[in-house]
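Engineer: Predicted model, plus sequence, below.
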Number of protein chains: 2
Amino acid sequence: MSSLPPSPRKPSRARVPRKKTAYHHGDLRRALLDAALSLVEERGSDALTLREVASRVGVTHPAAYRHFEDKTALLAAVAEDGYVALGDALVRALEEAPSRGSERLRRLAVAYVDFAIARPAQYRVMWGARFNTDGRFPSLEAAITRVFELVVGEFARGQRDGDYREGRPRDLAIGLWVVGHGYVELVARRRIKVKSREKAIEYFLTLFQPWLEGLAAR
Amino acid sequence: MSSLPPSPRKPSRARVPRKKTAYHHGDLRRALLDAALSLVEERGSDALTLREVASRVGVTHPAAYRHFEDKTALLAAVAEDGYVALGDALVRALEEAPSRGSERLRRLAVAYVDFAIARPAQYRVMWGARFNTDGRFPSLEAAITRVFELVVGEFARGQRDGDYREGRPRDLAIGLWVVGHGYVELVARRRIKVKSREKAIEYFLTLFQPWLEGLAAR
DNA sequence: GCCTCAATGTAACCACTGGTCACTTTCTAA
DNA sequence: TTAGAAAGTGACCAGTGGTTACATTGAGGC
């Protein structure tokens, strides 16, 4: 199992000025984003209010508008952070996998499911709002595209090397996405009841290992 | 393709008193639910406010609290309506299908996808709020269970008749649910871009027909 | 036909939310 | 030293879900 941190918080990036003044925060944007991440993870994505995020950072709520156009933009940043982390997790999974063979696919799928189950609330934000398609958040879209292309790329490689069956790599990737996301959603909404992250992965493989093997070259 | 009505509105049930008075509405509960359904379908599930639902029916918003404990209860009713309609659609699909063979499975899956794509906003409500698990809405849960058991039952029948491969019917049903729901979600969030209901079904089958056939007896 | 009373509606109010605006404080660069 | 941009604040707005006290109505018992 990959070594995902249970909490997505990261230390603030280094360019925060060392001066700690009362009035100017230093890197409020980052601080707000971190606060939003932990608030979402603590109390769910619905419970997020700009006022509480701001007050956790010790600032009044209009200050947030200096750094995020509106609440949706803050949520988009939370989502983007999630897709970046997801992409990193997938990259790590592939690095740790054997360099050839359809085992790589299993690792990819497991890493996806594991990520989503480790960070359920953030995962929900990643799918929640309507910022997916309207072109307002290009960097978010880039992060999504990176994740998708990662999978497409693995299929393309595997086909060249004779690991996977024929078919357009994009279609195969979408199929994998459907299965991974569908499973994760049923777990998140408790339609599938599992007692732990490990059991969730185990049951996922019970259901879809045969299908994954069907993607391998015959 | 099954003949789903594009809009989920139903005429009020018959027990509405014929008297049309100004003050007492007659069947406000049903009217509110209908208004909520069409509002959701027109403007999305986020846009639903109790006040607007009430005013569409020509009533002030506290009147709604005589019939729904809170907003969540109204949404639960919308969801329940959806599951009932979904169950009906699945029953119809099975009735129209040949009485034997794995073709029945294909019909079931197509009916599910078709329903979700025909009523995207209501489908989202069905998965949206957190009323899925907390035991507050038993009739909603019953409607969900009915849908699930319908599919489980089809697997059980098919196995007895030698149509489907071995495996616990519940697991097979969950697998089908994962695939159906996952696909529908990707379409709804525009990660899969399709131009029409028909194309959506077509692409679904492109992706998962092989998998469906894998569920048939070998 | 009248009268009671529960059911069903209304008006006024609450705390809170996302968002805006005018203003103040601070940092930085000239 | 100082001007101006950047980054805060406090007061305010309309709209929301929800509650409460009160008004209106319809139906059953006399």
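Structural biologist: Happy to help now that I have it. Please read all numbers here as calculations on a predicted model, not as lab measurements. Numbering: from 1, shown residues only, chains lettered A, B, ... in the order given.
Engineer: low-scoring stretches of chain A, by residue?
Structural biologist: When residues are selected by pLDDT under 70, those of chain A lie in A:1-25, A:132-133.
Engineer: Return the residues of it in contact with chain B.
Structural biologist: A:44, A:46, A:127, A:130, A:132-133, A:148, A:171, A:174-175, A:177-183, A:185-186, A:189-192, A:206-208, A:210-211, A:214 (Cβ under 8 Å from any Cβ of the partner chain). All C-beta spots, glycine's among them, are computed from the backbone N, C-alpha and C.
Engineer: let's see 7 Å
Structural biologist: Contact residues, chain A versus chain B (Cβ under 7 Å from any Cβ of the partner chain): A:127, A:132-133, A:171, A:174-175, A:177-179, A:181-183, A:185-186, A:189-190, A:192, A:207, A:211, A:214.
Engineer: quick one, longest helix in chain A?
Structural biologist: In chain A, with assignment by DSSP state H, the single longest helix is helix A:71-96.
Engineer: tell me what that one is packed against?
Structural biologist: With contacts defined as 3 or more Cβ pairs under 7 Å, 6 or more residues apart in numbering or on different chains; DSSP states H and E, helix A:71-96 has these neighbours: helix A:28-43, helix A:103-118, helix A:120-128, helix A:138-160.
Engineer: would CSV of those with distance to residue B:50 and mean neighbour count be doable?
Structural biologist: Shown next, in CSV, are these (distance: least, Cβ to Cβ, whole Å; neighbours: other Cβ atoms under 10 Å in any protein chain shown):
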stretch, distance to residue B:50, mean neighbour count
helix A:28-43, 23, 20
helix A:103-118, 32, 22
helix A:120-128, 22, 22
helix A:138-160, 32, 17
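Engineer: for the helix or strand that contains residue A:205, packing partners?
Structural biologist: For residue A:205, the host element (DSSP states H and E) is helix A:197-215. In terms of contacts (3+ Cβ pairs under 7 Å, 6+ apart), helix A:197-215 is packed against helix A:103-118, helix A:169-188, helix B:169-188.
Engineer: Alpha carbons only: can I get stretch A:143-154 in PDB?
Structural biologist: What follows is stretch A:143-154, C-alpha atoms only, in PDB (Å, rounded to 0.1, in the frame of the first residue of the first chain):
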ATOM      1  CA  ALA A 143      -4.200  19.200 -12.800                       C
ATOM      2  CA  ILE A 144      -7.100  17.000 -13.900                       C
ATOM      3  CA  THR A 145      -5.700  16.600 -17.300                       C
ATOM      4  CA  ARG A 146      -2.400  15.500 -15.900                       C
ATOM      5  CA  VAL A 147      -4.000  12.800 -13.900                       C
ATOM      6  CA  PHE A 148      -6.000  11.500 -16.900                       C
ATOM      7  CA  GLU A 149      -3.000  11.700 -19.300                       C
ATOM      8  CA  LEU A 150      -1.000   9.700 -16.800                       C
ATOM      9  CA  VAL A 151      -3.300   6.800 -17.100                       C
ATOM     10  CA  VAL A 152      -3.700   7.200 -20.900                       C
ATOM     11  CA  GLY A 153       0.100   7.200 -21.100                       C
ATOM     12  CA  GLU A 154       0.400   4.000 -19.200                       C
END
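Engineer: Contacts only, for the closest residue to chain B within chain A.
Structural biologist: Using Cβ to the nearest Cβ, residue A:182 is the residue of chain A that sits closest to chain B, at 2.3 Å. Applying Cβ atoms under 7 Å, 6 or more residues apart in numbering or on different chains, we find residue A:182 in contact with B:178-179, B:181-182.
Engineer: related to what we said a few turns ago, and the helices and strands packed on helix A:197-215 as a markdown table, adding distance to DNA strand D?
Structural biologist: Shown next, in a markdown table, are those (distance: least, Cβ to the nearest atom of the strand, whole Å):
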| stretch | distance to DNA strand D |
| --- | --- |
| helix A:103-118 | 29 |
| helix A:169-188 | 23 |
| helix B:169-188 | 22 |
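Engineer: Tabulate the ones you listed (JSON lines), appending distance to residue A:161.
Structural biologist: Output for the helices and strands packed on helix A:197-215, formatted as JSON lines (distance: least, Cβ to Cβ, whole Å):
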{"stretch": "helix A:103-118", "distance to residue A:161": "10"}
{"stretch": "helix A:169-188", "distance to residue A:161": "13"}
{"stretch": "helix B:169-188", "distance to residue A:161": "27"}
